[in-house]
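Engineer: coords below, sequence missing:
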């Protein structure tokens, strides 16, 4: 387990699944509304987290480094946002 890339956070949007698909579906890795609804498994309220500037790291960050810098044994299921200072510590 490792972090292989980084991106800049834009915003987190929550709301109706149809409305968010219409607004931001084209930004996802899902190709169709049908594929999207299968992914949701019946959920009607969803969250879209938007990022920009995706880039692959030259040297992936190991779980050992994450543990040392963040003090976590595993990344929470909902993910974990980190600031630029912590990102620099992990990637240098």
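Structural biologist: Good, I have the coordinates. Computed from a predicted structure; not experimentally measured. Numbers count the residues shown, from 1 in each chain.
Engineer: and the longest strand that the chain contains, what's buried?
Structural biologist: In the chain, with assignment by DSSP state E, the single longest strand is strand 45-62. Buried residues in strand 45-62, counted by 16 or more other C-beta atoms under 10 Å: 46, 48, 61. To be clear about C-beta, it is placed using only N, CA and C from the backbone, and glycine gets the same treatment.
Engineer: can you name the next helix or strand after it?
Structural biologist: Counting by DSSP states H and E, the next helix or strand C-terminal to strand 45-62 is helix 63-70.
Engineer: just the buried positions in the helix or strand that comes right after that next one, please.
Structural biologist: For helix 63-70, the following helix or strand on the C-terminal side (DSSP H and E) is helix 84-91. Neighbour counts using 16+ other C-beta under 10 Å place residue 90 of helix 84-91 among the buried residues.
Engineer: quick one: contacts of helix 84-91?
Structural biologist: 3, 6, 57, 59, 61, 65-66, 69-70, 82 (C-beta atoms under 8 Å, 6 or more residues apart in numbering).
Engineer: just the buried ones out of those residues, please.
Structural biologist: Buried among the contacts of helix 84-91 by 16+ other C-beta under 10 Å: 3, 6, 61, 65-66, 82.
Engineer: no more questions from me, cheers.
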